[in-house]
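Asks: with the sequence up front, the predicted model follows.
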Amino acid sequence: MTASPLRVRRAVLVRLAGWSLLEAGQTFLLGYALARALDAGFLAGDAPTGLWWLAVAAAGVAAGAYGTRRVYGVVADLVEPVRDRLVAGVVARGVREADRGSLSPLTQQVEIARDTLAGLVLVSRSFVFTVAGALAGLCALAPPLLLVVLPPLLAGLGLFAAALRPLARRQEAFLVADETLAAELGEVGPGLRDITAAGAEEQVAERVGERVDAEFRAARALAQWSAVRVAALAVGGQLPLVLLLAAAPWLLAHGVTAGALVGALAYVTQSLLPALQNLVHGLGTGGARLTVVLRRLRPPADTGTPVEPAGEEDAGAPALRLSAVTFAYGPASTPVLDALDLVVPHGGHLAVVGPSGIGKSTLTAVAAGLLEPAHGVVRVCGHPVPGARAAAQRVLIPQEAYVWTGTLAENLGLLRPDPVPEPELLAAAEAVGLTPLLERLGGPDAPVRPEALSAGERQLVALTRAYLSAAPLALLDEATCHLDAEAEARAERAFAARPGGTLVVVAHRIDSARRAGRILVLDGPRTAYGTHEDLLRSCALYQDLAAASQPSVTR
């Protein structure tokens, strides 16, 4: 029997607190042992006692260092499960939506979140236990010392806490402005020649200037709120030192010994001030960064529009309809899709062919809602694209397949809200052609390591995952390019025969086009549409593609 996640998390937190107590003990001994070394030792003429107390303080430093070293391992146990959940969420969303933008969250933003969270845990833990040890030491030395140190410390913490949320908002605004400017420059750079040819330099310069001004304003607002952190540090960490020095005559007159006063100064300068500095800089920068990253890793918020479950499509509408769709990669670029009309009925099987770079993948991205056309309307099962309802009705399998570390069943069930029953999973694997790999790995519950799979095996996993989804429209964007001709034929026939399913295939072999009921030939502004036999008679480009291909599997 395995322990529950909550119990495991509590055990980790208990271990973290246990090792951190050594750091609190080190902090306590720092000031207390110094005070005793002075009052009972050196100032009393008893050097051995003074040296003994200094040795006690040194032992406390050694014990605290050992505890801090052990803390790092415990923090890893606390943070790594969070990273795993973030990775699983990003991968699931990337697979479900074929989101090409998932690569940055997976490779960069998740790692930023993991590292930042670990840093925040270390900084916050250290501050809590350091302050606890210092305050306990002040109380043990002389309670009046707390009256001098505690109020400004609390005031500084309050000021810093009040600035955290506005600081996070300003940091996110700066990040958005920076990304907007980068995206604008990314569009302008490749199109400089066209911009000059069109005489649009002033308009483009004005638009870029607006983005630069917006980033400048965001940076200035961020800098203004960053100054609050400096004020909080001055109030909470440096003001207590000034007050201790100013109140020294009063404290000495009310029973505070010289050693206790020196111990209090040590607590402020060697413990409280460094701990507060780490907290302010760590939370002020890391906390804001973590807030921004987690917000970006979170799935898009619900807009209030009800999402129809997959399968509840408009029965009277075709599976896919493109009406006068035009798409270009830039305002001055030649359209990749130019006023394209296309209808794929329910149960249809369409192959898209054409020269490399002509726009086949662009067509599937537009159909899936990953790219938005400049003109025209795209609908999936009657629902407008992009949109949550349309996204629930289609599944896009890209050329590079997503496979993540986990069991095979977990990989295959990513597009299903509940675990897939094993008989259904095995039937899907047999239909698509995954069974040999499934048996070699050891069954559905076998662990999967993506780096141990070939590109073709990863594609079979992604194809079976899509086959098990409830989306009626399957878009295969060269999703079988790493399979041999026989395996490709088996997978495509499985999707074409899927009950209630519609298949659109970007074909890289002419055999794939032969298997389709209809073929769309993309050739820039010229397109052709029909059966294999029709296009062999009427389309010169298709004739060339067919002649250049060597059929490797018969129907």
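Replies: Here it is on my side, so go on. Residues are numbered from 1 along each chain as shown.

Asks: ok, Ala214 to Gly189 distance?
Replies: Using CB to CB, to the nearest Å, Ala214 is found at 19 Å from Gly189. Any C-beta I mention is one placed from the backbone N, CA and C, and that applies to glycine too.

Asks: ignore what I typed, I meant Glu486.
Replies: 45 Å.

Asks: higher neighbour count, those two?
Replies: Legend: neighbour count by other CB atoms under 10 Å for Glu486 and Gly189, higher for Glu486 (12 against 8).

Asks: shouldn't the more buried one be within a helix?
Replies: Yes: according to DSSP: H, G, I helix; E, B strand; the rest coil, Glu486 belongs to a helix.

Asks: tell me the secondary structure of Leu340, please.
Replies: Going by three-state DSSP: Leu340 is strand.

Asks: quick check, pLDDT for the closest residue to it other than its chain neighbours.
Replies: Distance criterion CB to CB, 6 or more residues apart in numbering; nearest residue to Leu340, sequence neighbours excluded, is Val325 at 4.7 Å. With respect to pLDDT, Val325 has a value of 91.

Asks: all strands for the protein, in order.
Replies: Assigned by DSSP state E, the strands in the chain fall at 320-327, 337-344, 349-353, 375-380, 383-384, 394-397, 406-407, 447-448, 473-477, 502-506, 518-523, 526-530.

Asks: output the contacting helices and strands for the longest helix seen in the chain.
Replies: Across the chain, the longest stretch assigned as helix under DSSP state H is helix 47-97. Under the contact criterion of 3 or more CB pairs under 8 Å, 6 or more residues apart in numbering; DSSP states H and E, helix 47-97 touches helix 5-36, helix 110-141, helix 288-297.

Asks: so which of those gets nearest Leu337?
Replies: Leu337 sits nearest to helix 288-297 of all these, at 30.1 Å, using CB to CB.

Asks: circling back: so how far is Ala365 from the residue nearest to Leu340?
Replies: Here Val325 is placed at a distance of 12 Å from Ala365 (CB to CB).

Asks: does Ala339 really touch Thr326, like I thought?
Replies: Yes: between Ala339 and Thr326 there is a contact under CB atoms under 8 Å: 5.6 Å.

Asks: quick one, which of the strands of the chain is nearest to Gly456?
Replies: Of the strands of the chain, nearest to Gly456 by CB to CB is strand 394-397, at 13.4 Å.

Asks: dump the closest one to CSV, restricted to CA.
Replies: Written as CSV, here are the backbone C-alpha positions of strand 394-397 (Å, rounded to 0.1, in the frame of the first residue of the first chain):
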residue,chain,number,x,y,z
ARG,A,394,-11.0,17.8,-33.4
VAL,A,395,-7.6,16.3,-32.6
LEU,A,396,-4.4,17.3,-34.4
ILE,A,397,-1.5,14.9,-34.5
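
Asks: on contacts alone, who are the packing partners of it?
Replies: Packed on strand 394-397, when contacts are counted by 3+ CB pairs under 8 Å, 6+ apart, are helix 360-368, helix 455-468, strand 473-477.

Asks: try 10 Å this time
Replies: Counting contacts by 3 or more CB pairs under 10 Å, 6 or more residues apart in numbering; DSSP states H and E, strand 394-397 packs against helix 47-97, helix 360-368, helix 455-468, strand 473-477, strand 502-506.

Asks: so which of those gets nearest Gly406?
Replies: Set against Gly406 and scored by CB to CB, these come closest in helix 47-97, at 7.6 Å.

Asks: return the distance of that closest one from the chain's centre.
Replies: Counting by CA atoms, centre = their mean, to the nearest Å, helix 47-97 is centred 24 Å from the centre of its parent chain.

Asks: check stretch 459-471 too.
Replies: For stretch 459-471, the gap between its own C-alpha mean and the chain's C-alpha mean amounts to 23 Å (CA atoms, centre = their mean).

Asks: ok, and for it, which residues are buried?
Replies: Using 16 or more other CB atoms under 10 Å as the test for burial, stretch 459-471 gives Gln459, Leu460, Val461, Ala462, Leu463, Thr464, Arg465, Ala466, Tyr467, Leu468, Ser469, Ala471.

Asks: ok, stretch 218-233 next?
Replies: Under 16+ other CB under 10 Å, the buried positions of stretch 218-233 are Ala218, Ala221, Leu222, Trp225, Ser226, Val228, Arg229, Ala232, Leu233.

Asks: any chance of those in a markdown table, plus pLDDT and distance to Gln543?
Replies: Output for the buried residues of stretch 218-233, formatted as a markdown table (pLDDT from 0 to 100; distance: CB to CB, whole Å):
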| residue | pLDDT | distance to Gln543 |
| --- | --- | --- |
| Ala218 | 85 | 57 |
| Ala221 | 85 | 63 |
| Leu222 | 81 | 61 |
| Trp225 | 78 | 66 |
| Ser226 | 77 | 67 |
| Val228 | 83 | 72 |
| Arg229 | 81 | 70 |
| Ala232 | 88 | 75 |
| Leu233 | 88 | 76 |
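
Asks: pick out the most distant pair among those.
Replies: Maximum pairwise distance among the buried residues of stretch 218-233 (CB to CB): 23.7 Å, between Ala218 and Leu233.

Asks: any idea which helix or strand in the protein has the lowest mean pLDDT?
Replies: In the chain, no helix or strand scores lower on mean pLDDT, DSSP states H and E than helix 103-104, which sits at a mean of 48.

Asks: give me the distance between the two termini of stretch 317-331.
Replies: Stretch 317-331 has an end-to-end distance of 32 Å (criterion: CA to CA, to the nearest Å).
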